[in-house]
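Asker: kindly return the folded structure for what I paste below:
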Amino acid sequence: MEKHPVTNICRLGAVFIIAVALTVSARANSLLNPGFETVGTNATTAANWNQFGNAFLSGTNNTLTTVRTGIYSMQAGATATNVPLGSGAYQDVSAAPGDTWRLTGYILTWINAKAFGPDTFGLAQLAFLDASSNVLLAVDSPHFAQTANMPVNVWQPFEIDATAPAGTATVRTYVLYVGDQLGGGNFFFDDLNLYKPSGSLTTASVTSNAAVQVSWPTSTPTNETDYQIQRTTSLVFSNPVIVNVLTNGGFETNAAPWTPFNGGGQTTSAPTHSGTGCMKLAAANSTVPGCFQTYGPVTPGQVWALQGYAYNWDQHPINQSSTRALLKMVWLNNGATVNPVLTDTNVIGTIDYPANPGVVSSVQMSSSSPQDIWTFLQCQATAPTNANQLQVFCLLVPINSPTTETCLFDDIVAGLAVPNFGWANYGPLWLGDNQTNQVMDLVGTNATRFYRVTTP
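Answerer: Numbering: from 1, shown residues only. Predicted coordinates:
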């Protein structure tokens, strides 16, 4: 039976989700340049929008991360003084008292500019102004990263419904970053739609589904810990065995055919997960020690898995909160990096593109990981178009110049993935940001599900 580090296992009571239907016959967008695709007076401004604070037009080569559709989004982030007024952009549309307005759109926080801080949040807002620009009423979307879920690298939809009060002359659409001196990072906004819905609300066709709501607290920002929620229908299971294509995955005789670098090497004088040898990665400066092995051929569309064990050794433990130990898969075409499938539904772990092209990483061990315990690590991904090789790594990544830090690796297995009848990932890999994260899981007919939260 496979053993994994577990912080919590629970079977939660059923709750019900009530879906209210709205019949809509018209939703003409009242905003100009709602997707920020038209550039304004310079490359940092969006036409028809008024920007303030640290807000600017954002373009990217990776249109599936910081841009949802098209080639631009609106980025709003911390100012130099990070005053509570924050940053953002707005646009005014003529309105009349009694008008009903709806604003929809999407918000994102990106892994390379992640929002942080106990009072930091992103939001959209509808503000109703009179003829003298006095604010009569303001209605907010959820405050993302503060009172609403905010997974990294996932576009989150929002919706605001509001009715213009007496005296209204204008409805103003805001997209905002709000924070103070303890926070930072950025929020991205895209694909806004402001319209007057027609039709009526009805509860005649209410649908209900049994579901579980799973919540867990994250750690403080000074000691960020990644969390992954998993689920299974039974607590009695065994994970199928993967046929290993790697040679010397247990590092028994020497390192060959692995290629160690920057302080990596096989050893028989350290604890092992099995046998007499293991791979020891020792970091004494900011260089990254590791080892790799390349396998081929692989076929695009195949699902490959990488698994193994890592050990935070108390003789020279990971001692910096920024240091990470992990397994990594890299797709190659005759030695050249091939980018992963960004919409891969088979992925386990984290797609590191664009920061690290071609890379899929396991959950990462850190200074908060338990010492002297072999920790199971895994990642999985679909081979992308043009990939004909798979390169696998064991890595210890220090960000700053550390005192001596060590991590051991053993029993590394790579092969074609087989169905997992044990714990399966559910929801995103959440990064510790001092928030309480929640996911909702619909329950099938007569289904029993168990949930756990794992940490590196």
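Asker: give me the residues contacting the one helix or strand residue 102 maps to.
Answerer: Residue 102 belongs to strand 100-108 when elements are defined using DSSP states H and E. With contacts defined as CB atoms under 8 Å, 6 or more residues apart in numbering, strand 100-108 is touched by 27, 65-66, 68, 73, 95, 122-124, 126, 141, 144, 153-164, 171, 173, 175, 187-197. Glycine gets a C-beta too; all of them are placed from N, C-alpha and C.
Asker: per-domain residue ranges of the chain.
Answerer: As assigned by automatic domain parsing, the chain contains the domains 24-199, 241-418.
Asker: how far does the longest one sit from the chain's center?
Answerer: Yep, that's domain 241-418 we're talking about. A distance of 20 Å separates the centroid of the chain from that of domain 241-418, by CA atoms, centre = their mean, to the nearest Å.
Asker: next: the first one.
Answerer: For domain 24-199, the separation from the chain centroid amounts to 21 Å (computed by CA atoms, centre = their mean).
Asker: where along the stretch 1-150 of the chain do the strands fall?
Answerer: In the stretch 1-150 of the chain, the strands defined using DSSP state E, counting those that start in this stretch lie at 8-10, 15-22, 50-52, 54-59, 72-77, 87-94, 100-108, 121-129, 135-140.
Asker: same question for the stretch 351-456 of the chain.
Answerer: Under the criterion DSSP E, counting those that start in this stretch, the stretch 351-456 of the chain contains strands at 359-361, 374-382, 389-397, 405-416, 424-430, 436-442, 450-454.
Asker: of the ones you listed, which is nearest residue 280?
Answerer: strand 405-416 (5.6 Å; CB to CB).
Asker: mind listing the strands the closest one pairs with, and their directions?
Answerer: strand 278-283 (antiparallel), strand 303-311 (antiparallel) (DSSP bridges).
Asker: can you select the buried ones from the contacts of strand 100-108 in PyMOL?
Answerer: Buried residues among the contacts of strand 100-108 (16 or more other CB atoms under 10 Å), as a PyMOL selection:
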select buried, resi 65+66+68+73+95+122+123+124+126+141+144+153+155+156+158+160+162+164+171+173+175+187+188+189+190+191+192+193+194+195+196+197
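Asker: since we're on the spatially closest residue to residue 167 that is not a sequence neighbour, how many residues are nearby?
Answerer: Excluding its sequence neighbours, the residue lying closest to residue 167 (CB to CB, 6 or more residues apart in numbering) is residue 130, at 4.6 Å. The number of residues packed near residue 130 is 15, by other CB atoms under 10 Å.
Asker: was I right to think residue 130 contacts residue 166?
Answerer: No: the pair residue 130 / residue 166 is not scored as a contact, 9.3 Å apart, by CB atoms under 8 Å.
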